[in-house]
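Participant: Kindly generate the corresponding structure for this input.
(one chain, ligands or ions: 2)
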Amino acid sequence: MSDELTVKFWGVRGSYPAPGAGTVKYGGNTACVEIHAGERTIVLDAGTGIIPLGHALAQTKRTNKIMLLFSHLHHDHIQGFPFFVPAYLPNAKLHIFGPDGTHESLKNVLEHNQSSETFPVSLGEMASSKDIQSVRESQVIVWDETGIWVTESTVGLRDDSLVIRIHKSYAHPGGVYAYRITWRGQSVVYATDTEGYVGTDKRLVAFAKEADVLIHDAQYLDEHYWGGLAGLPTTQGYGHSTVTMACEVAASARVGQLILFHHDPSYSDALIMDMEASAKAKFGETQAAYEGLEIPLRNESKMTSILQQGTGIARDVKYAQHD
Ligand SMILES: [Zn+2]
Ligand SMILES: [Zn+2]
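Facilitator: Ligands and ions are numbered 1, 2, ... in the order given. Sure thing, here's the model as predicted:
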């Protein structure tokens, strides 16, 4: 089995798809990230980015066992699922986890997403076998040689176990889950659709502590958030972060690298490039997610990451000077 853990971005846009000449560089598909750990495939969210991912998985016949984790059930995180090719393959097995909706179970929300009023194929008619399970913050999802299962404790797990921890955040309307995926000492934290707090989101900082990669919501320019852009209302309370908020979490948690995610659909490539540059001035190891971005993490990159974490204090000081 390969030692490599790879993060690949298939959809990086927030709210709604944004195709067009102005979004070619970063891409217009909504949220979807693939994690590859050895032979295991984990998919984070099912925005429209899951559609090209589904074709790629089907072409390479990597469909017999796929884990899909939903951060929450807003449109831009589920709208690609009805077009996810592996869900139609009789030999595919999907293990689907996420939070319940505010009034309905996870399974019911997915069923209603494909009700006959709005879509021609029901969830039950899709030929794959699907294990849909809502999970709680106290639970841990494990994928080891024996299979995929949910537990309340990580005591006694095998060394090769892939472990997924859950952080329930209240910083988004209806709540949202962040996930921390750990395998062979390497960790990736996925924290989309979250708004920063005054003094930083301390619970999220603790959850993301020293992760190798932090994927964090960075939807807005500071001026947009505060209502300083002509013709646009303030976005305070919408449940999304500014680049500054994302950098604050990354610096406080001393992560190896920060990936800006959930770009505003009205923002052009040029604007996101500017936001990326301003973020780098605050937290050096930062880049804006784009469709096709791949981040391989190997044992040797773990060493690099540990060295980077050693300079985390210096980065904190630098960051404080910029604030
Ligand atoms: Zn979203
Ligand atoms: Zn949302």
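Participant: what does the stretch 101-250 of the chain have sitting close to ligand 1?
Facilitator: The stretch 101-250 of the chain has residues D193 near ligand 1, with proximity defined as CB under 5 Å from the ion. All C-beta atoms are positioned from the backbone trio N, CA, C, and that covers glycine.
Participant: ok, which stretches of the stretch 101-250 of the chain are helices?
Facilitator: Taking DSSP state H, counting those that start in this stretch as the criterion, the stretch 101-250 of the chain contains helices spanning 106-113, 202-207, 222-226, 243-253.
Participant: which other helices and strands contact the longest one?
Facilitator: Contacting helix 243-253 under the criterion 3 or more CB pairs under 8 Å, 6 or more residues apart in numbering; DSSP states H and E are the following elements: helix 202-207, strand 213-217, strand 257-261, helix 269-282, helix 312-322.
Participant: Count the residues that sit near the closest residue to G49 other than its chain neighbours.
Facilitator: The shortest distance from G49 to any residue that is not its chain neighbour, by CB to CB, 6 or more residues apart in numbering, is 2.0 Å, and that residue is G11. Other residues within reach of G11, judged by other CB atoms under 10 Å, total 30.
Participant: now G22
Facilitator: G22 - counted by other CB under 10 Å - has 15 other residues nearby.
Participant: Return the alpha-carbon coordinates of the one helix or strand M67 maps to using PDB.
Facilitator: Remark: M67 resides in strand 66-69, with elements defined by DSSP states H and E. The C-alpha coordinates for strand 66-69 follow below in PDB (Å, rounded to 0.1, in the frame of the first residue of the first chain):
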ATOM      1  CA  ILE A  66     -15.800   5.400  -1.300                       C
ATOM      2  CA  MET A  67     -16.300   7.500   1.900                       C
ATOM      3  CA  LEU A  68     -18.200  10.700   1.500                       C
ATOM      4  CA  LEU A  69     -18.300  13.200   4.400                       C
END
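Participant: Would you mark the buried spots in that strand?
Facilitator: Along strand 66-69, the positions that meet the burial threshold by neighbour count (16 or more other CB atoms under 10 Å) are I66, M67, L68, L69.
Participant: Now the residue in the stretch 51-200 of the chain positioned nearest to ligand 2: phi and psi?
Facilitator: Taking CB to the ion as the measure, the point where the stretch 51-200 of the chain comes nearest ligand 2 is H74, at 3.5 Å. According to degrees, to the nearest 10, the main-chain angles of H74 amount to phi -70, psi 160.
Participant: can you redo the helices of the stretch 101-250 of the chain as a markdown table with distance to I215?
Facilitator: As requested, the helices of the stretch 101-250 of the chain are arranged in a markdown table below (distance: least, CB to CB, whole Å):
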| stretch | distance to I215 |
| --- | --- |
| helix 106-113 | 22 |
| helix 202-207 | 12 |
| helix 222-226 | 20 |
| helix 243-253 | 10 |
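Participant: what's the most buried one of those?
Facilitator: Per-residue neighbour counts averaged over each of these give the maximum for helix 243-253, namely a mean of 25 (mean count of other CB atoms under 10 Å).
Participant: centre of the chain versus that one, how much separation?
Facilitator: 16 Å (CA atoms, centre = their mean, to the nearest Å).
Participant: residues touching G20, list them.
Facilitator: Remark: with contacts taken as CB atoms under 8 Å, 6 or more residues apart in numbering, G20 is in contact with G28.
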